[in-house]
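*Asks:* turn this into a structure:
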Amino acid sequence: MVLEILTPEKKLYSGEATLVQLPGVDGSFEILNRHAPIISALAAGVVKANTTEGVKRFDITGGFVECLNNKVIIVAEGGAPKN
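*Replies:* The predicted model follows:
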């Protein structure tokens, strides 16, 4: 699936992923390849993505995620790659 992580300042990531773990406001959840359509609010926390380049982690300060047609778009209030 295609994953994009966006903030108002810049695009943090754009590429292929097989799994995305997200900090939902009601608890963490995962999106896998061919997931059903979903829109959800996100809390501050860590987004973990299994990508073709390995596991990537990003700190976000909250936002929203949309999954539709095998594309996951995360719009975060703020964020940065996590080492």
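*Asks:* surely Gln21 and Val47 touch.
*Replies:* Yes. Between Gln21 and Val47 there is a contact under CB atoms under 8 Å: 6.9 Å. Every C-beta, even on glycine, is put in place using the N, C-alpha and C of the backbone.
*Asks:* the spatially most central residue of the chain and Glu66: what is the separation?
*Replies:* When CA atoms, centre = their mean is applied to the chain, the residue found nearest the centroid is Ile74 (4.8 Å). Going from Ile74 to Glu66 by CB to CB, to the nearest Å gives 8 Å.
*Asks:* sorry, back to before: which ones are touching the residue nearest to the centre of the chain?
*Replies:* By CB atoms under 8 Å, 6 or more residues apart in numbering, the contact set of Ile74 is Leu3, Glu4, Ile5, Leu6, Val20, Leu22, Leu42, Val47, Ile60, Gly63, Phe64, Val65.
*Asks:* many thanks, we can stop here.
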